[in-house]
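*Asks:* this one's sequence-less:
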């Protein structure tokens, strides 16, 4: 058994080797501080030399490229409030040529780049100090670009004496000492909403268990148990070992999908992938196809040659190899039922960090594989499972209607980004009402689909199962007349897809807190207004396809206590996944907050551009209210220091 587990570990590492190698290729630039004086005077401007080694065919963009040219220009900044960049950064001669990735002429470096950065330390400092530089950069080759990255470069230096004419263009004291005067450090509690990653993981686990109830998965459980019983010949130890290996193989297959997606796309790419209109259109069309298939119009399955070959290998191999192939076989055979769940999980990574696809597929596959493993280890409990029958077809049809309803979300995402205006909110609600009402009618046997026969009577179970679908259909009706549908608005087309300056606000108890709340999409003008009025800025980095963004806007933003706090700030809403400023807004979000997750909320001091507090992800109203109070309080304290 130990030998088998060692062999399995080797197979697993071998399978994941391409991911680790590819992960290294995602970081093809190595920065080194190659030259700096040993001793300087405090306040004296001196030069440090940084060398960048660039691998392969990748090229690093010049510091001189305009910020709005497309790629991120290489940008150096101080990583400490004790020092500052004291002039323009110089670089060795860059290649100036046409870049097919951005359809324009740009400057870049290949193989090696050398940067000379003037820096200075505060005049009041002395003794040993750390040179800390942060470099923001992006690399591309002739076919693709990697997401922007930030690296820290450090070195040591001794300050002795004070310069005769010290450099004095350092950040304001209030900005530099924020962490000392007001404890304004952004902790993990204030940066990330508590239920973001856990909520996503719970969604993935729930999808894994739900996939087990589908008609192309549930009947496989006894077949798998029978396979292991025959292979082990009654040896419980062997049966347990094979069951565990089988479960690991399924987890490995699905997690590898998530790992591949995460490594290929990187920190920015995951969000861009899930919010890409073509991706949403593809998922929407696939959901329509899968939904119609589950309703019995036709049957989807992988090519017989592939499934037969996998099945043959699983029986020929025996032992660990046969068990691994059995895992591949089950994954392939169940494809037509698991694909919608996998697609929904990967689509739900919008606004998440780079690791979301990995943990999503890990949670899904662990839940999906667990019953196979447990029943293979304890086959006696298999008798407690319900037999396949009419209930299985009922689950299949109900799932088909739900998948068709989910397709509306993805098709409307593409429609919103392209601003076609075809899939409007009333149309989306009408489709949902029709689908869920038809679901209820099917459950109570009002009609039959291909291959069905109407039940002779309506059982109590069917009746109670149908009631939620009828109730939900009636609940949606006021939405056709423009009424708020609460959290469900997050899954429906926006009221006005192209209008980013209006938020319909409905207060607690249904009272109107505010009819229209004005939001700006221009950061610079909003900063000027905020300075003129002496109040902080609230920046909402959002997305057209971001479900959590819509959920916050429909359930939290309209509350009267939240509106009252919004009134004390200059509000800015910046879309990062569509519209004419999407790339600019996404770049600004990354530079300001260090993340591309959606939604991200930042309370900013308009005088300095300092982030006073930020919050990432969907959160409850009470936590969001505390976040707003914390940011407003910090701004008021900074203002008091300015007035002294």
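*Replies:* Right, received. Where do you want to start? Worth saying up front: this structure is predicted, and the values here are computed from it rather than measured.

*Asks:* how deep is residue 40 tucked in, by neighbour count?
*Replies:* Number of residues near residue 40 (other C-beta atoms under 10 Å) recorded here: 20. For glycine as for every other residue, the C-beta is placed from the backbone atoms N, C-alpha and C.

*Asks:* residues touching it, list them.
*Replies:* Taking C-beta atoms under 8 Å, 6 or more residues apart in numbering as the definition of contact, the neighbours of residue 40 are 46, 121, 157-160.

*Asks:* Can you say which of those residues are buried?
*Replies:* Neighbour-count burial within these applies to 46, 121, 157, 159; the criterion is 16 or more other C-beta atoms under 10 Å.

*Asks:* JSON lines for the contacts of residue 40, including secondary structure, pLDDT and distance to residue 169?
*Replies:* Formatted as JSON lines, the contacts of residue 40 follow (DSSP: H, G, I helix; E, B strand; the rest coil; pLDDT from 0 to 100; distance: C-beta to C-beta, whole Å):
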{"residue": "46", "secondary structure": "strand", "pLDDT": "94", "distance to residue 169": "15"}
{"residue": "121", "secondary structure": "strand", "pLDDT": "93", "distance to residue 169": "13"}
{"residue": "157", "secondary structure": "strand", "pLDDT": "92", "distance to residue 169": "19"}
{"residue": "158", "secondary structure": "strand", "pLDDT": "92", "distance to residue 169": "23"}
{"residue": "159", "secondary structure": "strand", "pLDDT": "91", "distance to residue 169": "18"}
{"residue": "160", "secondary structure": "strand", "pLDDT": "90", "distance to residue 169": "22"}
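
*Asks:* nearest to residue 643, of these?
*Replies:* Here the nearest of the contacts of residue 40 to residue 643, counting by C-beta to C-beta, is residue 121; it sits at 28.8 Å.

*Asks:* Can you tell me the closest non-neighbouring residue to the closest one?
*Replies:* Nearest non-adjacent residue to residue 121, counting by C-beta to C-beta, 6 or more residues apart in numbering: residue 83, 4.9 Å away.

*Asks:* swap in residue 603?
*Replies:* Counting by C-beta to C-beta, 6+ apart, the nearest residue to residue 603 once its immediate chain neighbours are dropped is residue 631, at 3.0 Å.

*Asks:* so how far is residue 123 from the residue of the chain most remote from its centre?
*Replies:* Note on the chain: the largest C-alpha distance from the chain mean falls to residue 164, namely 51.6 Å (C-alpha atoms, centre = their mean). When C-beta to C-beta, to the nearest Å is the yardstick, residue 164 and residue 123 sit 11 Å from each other.

*Asks:* Give me the domain ranges for the protein.
*Replies:* Under automatic domain parsing, the residue ranges defining each domain of the chain are 27-170, 213-388, 502-643.

*Asks:* what's the closest of these to residue 473?
*Replies:* Nearest to residue 473 among these is domain 213-388 (17.5 Å), distances taken as C-beta to C-beta.

*Asks:* rank the domains of the chain by pLDDT, which is bottom?
*Replies:* For the domains of the chain, mean pLDDT drops lowest on domain 213-388, to a mean of 69.

*Asks:* Export the domains of the chain as JSON lines, with columns for distance to residue 440.
*Replies:* Compiled in JSON lines, these are given as follows (distance: least, C-beta to C-beta, whole Å):
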{"stretch": "domain 27-170", "distance to residue 440": "45"}
{"stretch": "domain 213-388", "distance to residue 440": "15"}
{"stretch": "domain 502-643", "distance to residue 440": "25"}
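
*Asks:* Mind checking those for the one nearest to residue 438?
*Replies:* Closest of the domains of the chain to residue 438 is domain 213-388, at 9.9 Å (criterion: C-beta to C-beta).

*Asks:* tell me the contacts of residue 30?
*Replies:* Residues in contact with residue 30 (C-beta under 8 Å, 6+ apart) are 52-53.

*Asks:* Could you tell me whether it really is in a strand?
*Replies:* Yes. The secondary structure assignment for residue 30 places it in a strand, going by DSSP: H, G, I helix; E, B strand; the rest coil.

*Asks:* What separation do you get for it and residue 429?
*Replies:* Between residue 30 and residue 429 the distance, using C-beta to C-beta, works out to 54 Å.

*Asks:* returning to what we had before: angles on the backbone of the residue farthest from the centre of the chain, please.
*Replies:* Reported as degrees, to the nearest 10, the phi and psi values for residue 164 are phi -60, psi -40.

*Asks:* Next: the one 5 residues further on.
*Replies:* Note on residue 169: its backbone torsions stand at phi -90, psi 70 [degrees, to the nearest 10].

*Asks:* since we're on the closest residue to it other than its chain neighbours, how many residues are nearby?
*Replies:* Take residue 169 and drop its neighbours on the chain: the residue closest to it by C-beta to C-beta, 6+ apart is residue 84, 6.4 Å away. Neighbourhood size, residue 84 [other C-beta under 10 Å]: 21.

*Asks:* hang on, residue 84 is in a helix, isn't it?
*Replies:* No. Residue assignment for residue 84, taken from three-state DSSP, gives strand, which places it outside any helix.

*Asks:* Let me see the contact set for it.
*Replies:* For residue 84, the set of contacting residues under the criterion of C-beta under 8 Å, 6+ apart consists of 78, 119-120, 167, 169-171.

*Asks:* So it versus residue 545, what's the distance?
*Replies:* Here residue 84 is placed at a distance of 39 Å from residue 545 (C-beta to C-beta).

*Asks:* quick check, residue 284 in a helix?
*Replies:* Yes. Using three-state DSSP, the assignment for residue 284 is a helix.

*Asks:* Isn't it up against residue 410?
*Replies:* Yes. Distance between residue 284 and residue 410: 3.6 Å, which falls inside the contact criterion (C-beta atoms under 8 Å).

*Asks:* any idea where the helices of the stretch 451-600 of the chain begin and end?
*Replies:* Using DSSP state H, counting those that start in this stretch, the helices found in the stretch 451-600 of the chain span residues 460-476, 523-533, 547-555, 560-566, 582-593.

*Asks:* I should have written the stretch 51-200 of the chain there, sorry.
*Replies:* In the stretch 51-200 of the chain, helices defined by DSSP H, counting those that start in this stretch lie at 173-176, 178-181, 188-191, 196-212, listed in chain order.

*Asks:* Quote the end-to-end distance of stretch 555-562.
*Replies:* Using C-alpha to C-alpha, to the nearest Å, the end-to-end distance of stretch 555-562 comes to 11 Å.

*Asks:* so residue 50 sits in a strand?
*Replies:* Yes. According to three-state DSSP, the state of residue 50 is that of a strand.

*Asks:* and it, what does it touch?
*Replies:* Residue 50 makes contacts with 31-34, 76, 114-115, 117, 133, 135, 153, as judged by C-beta under 8 Å, 6+ apart.

*Asks:* If you rank those residues by neighbours, which is first?
*Replies:* So for these (other C-beta under 10 Å), the most neighbours sit at residue 117, 26 neighbours.

*Asks:* what bridges to that residue?
*Replies:* Residues in a beta bridge with residue 117, per DSSP bridges, are residue 48.

*Asks:* contacting residues for the residue lying closest to residue 254 once chain neighbours are set aside?
*Replies:* Take residue 254 and drop its neighbours on the chain: the residue closest to it by C-beta to C-beta, 6+ apart is residue 365, 3.6 Å away. Taking C-beta under 8 Å, 6+ apart as the definition of contact, the neighbours of residue 365 are 208, 250-251, 253-255.
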